[in-house]
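In: Would you be able to build a 3D model of this:
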Amino acid sequence: MGGSSYRVWRTNFHTLCVWNRTVGATMKIMRFERITIGRDQMGGVPCIRGLRIPVATVVKMLAARMTEEEILASYPDLVQDDIREALQFAATAVFERELPVLT
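Out: Presented below is the predicted three-dimensional model:
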C-alpha cells in the first residue's frame with residue numbers, strides 16, 4: 001500500500017499547513033478567505049463565509065453539472081468567488097491528504 005509523503009493540518013480557520021516527510025519541512029500552502037470552520041458552526045464542517053452552506057454542498061452541485069448561475073440562484077447569499085474558493089478548497093484538501101492506493 002502506498003501513500004503520499006505529506007501530512008495536512010489547519011493552524012487557524014483559514015490556513016492549511018503541509019509537512020513534507022521526505023524533506024522534513026513544514027510550509028503553509030493556501031489561505032482561504034471565504035472558507036470558515038468552527039465547532040459552533042455545523043459541527044466543524046467547512047462552510048462558506050460563516051454561512052450555513054457547506055463547501056461539500058457547493059462541490060456536489062458542481063459535480064452534478066449545475067452551472068454557477070444555477071448555484072447562485074439556489075443560494076442567493078453566495079457570490080461567484082465563493083464557488084471558486086469552495087472548489088479550490090476541496091481540491092487542496094483531497095490533493096494533500098494521504099489516500100490509500102486501491103488496486
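In: which residue ranges form the strands in this structure?
Out: Assigned by DSSP state E, the chain shows strands spanning 6-10, 15-20, 25-31, 35-36, 47-48.
In: Identify the residues contacting residue 75.
Out: The neighbours of residue 75, taking C-beta atoms under 8 Å, 6 or more residues apart in numbering as the test, are 53, 58. No exception for glycine: its C-beta is placed from N, CA and C like everyone else's.
In: How about the one 4 residues further on?
Out: Contacts were defined as C-beta under 8 Å, 6+ apart; by that measure residue 79 touches residue 72.
In: what residue ranges in the chain score low on pLDDT?
Out: Per-residue confidence for the chain (pLDDT under 70) gives these ranges: 1-30, 95-103.
In: Would you state the helices of this structure in chain order?
Out: For the chain, the helices defined by DSSP state H occupy 55-63, 68-74, 80-95.
In: Can you tell me how far residue 35 is from residue 94?
Out: 14 Å (C-beta to C-beta, to the nearest Å).
In: The two: who's more crowded?
Out: For residue 35 and residue 94, the more surrounded residue by other C-beta atoms under 10 Å is residue 35, and the numbers stand at 24 against 10.
In: what pairs with that one across the strands?
Out: residue 48 (DSSP bridges).
In: quick one: it and residue 45 touch, right?
Out: No - at 10.6 Å, residue 35 does not count as touching residue 45 under the criterion of C-beta atoms under 8 Å.
In: and the gap between residue 57 and residue 31?
Out: As judged by C-beta to C-beta, residue 57 and residue 31 stand 22 Å apart.
In: Those two: which is more packed in?
Out: residue 57 (16 against 10).
In: quick one: contacts for the more buried one?
Out: Counting by C-beta under 8 Å, 6+ apart, there are no residues that residue 57 touches.
In: and the gap between it and residue 63?
Out: 11 Å.
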